[in-house]
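Engineer: Return atomic coordinates for the entry below.
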Amino acid sequence: MADANVRIPVEARDRLAAVAAAEGLSLRAYLARLAATLLTPAERAARAEQAQAALRAWNGYDPTEDETTRLDAELDRRLGRTTER
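Structural biologist: Just a heads-up that it's a prediction; the model follows:
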């Protein structure tokens, strides 16, 4: 495994280091763990397709594009309301 240097603002580095330390990890270990848990946009899209296929097979749920757009907007509205608190 080769090491890599990544340049980020000092404030971001210090915050990440503090979070890592609070979890008993080095910054290197924390970033490696974080990278292993994140999905690329393509991976997220594939999982969404798998979930939709499972719902269709299980109970016939198959929203139209308009329904999906409306439901996404409602979820965004509700999430925005919780993050404002």
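
Engineer: Over to residue 26: give its phi and psi.
Structural biologist: When read as degrees, to the nearest 10, the backbone of residue 26 gives phi -80, psi 160.

Engineer: How many residues are close by it?
Structural biologist: 11 (other Cβ atoms under 10 Å). Just so you know, the C-beta spots here come from the backbone N, C-alpha and C atoms, and that holds for glycine as well.

Engineer: pretty sure it is in contact with residue 20, am I right?
Structural biologist: Yes. In this structure, residue 26 is within contact of residue 20 by Cβ atoms under 8 Å, at 6.3 Å.

Engineer: Mark out where each domain of this protein begins and ends.
Structural biologist: 1-38, 41-83 (automatic domain parsing).

Engineer: low-scoring stretches of this structure, by residue?
Structural biologist: 84-85 (pLDDT under 70).

Engineer: can you pull out the helices in it?
Structural biologist: 10-22, 27-37, 41-59, 65-83 (DSSP state H).

Engineer: gap between the second one and the chain center?
Structural biologist: In terms of Cα atoms, centre = their mean, to the nearest Å, the centre of helix 27-37 is found 14 Å from the chain centre.

Engineer: next one: stretch 44-56
Structural biologist: With Cα atoms, centre = their mean, you get 16 Å for stretch 44-56.

Engineer: Nearest the geometric middle of this structure, what residue?
Structural biologist: Compute the mean C-alpha point of the chain, and by Cα atoms, centre = their mean the closest residue is residue 38, 6.0 Å away.

Engineer: That residue and residue 32, how far apart?
Structural biologist: Using Cβ to Cβ, to the nearest Å, residue 38 is found at 11 Å from residue 32.

Engineer: cool, residue 54 as well?
Structural biologist: 31 Å.

Engineer: same question, residue 78
Structural biologist: Applying Cβ to Cβ to residue 78 and residue 32 gives a distance of 33 Å.
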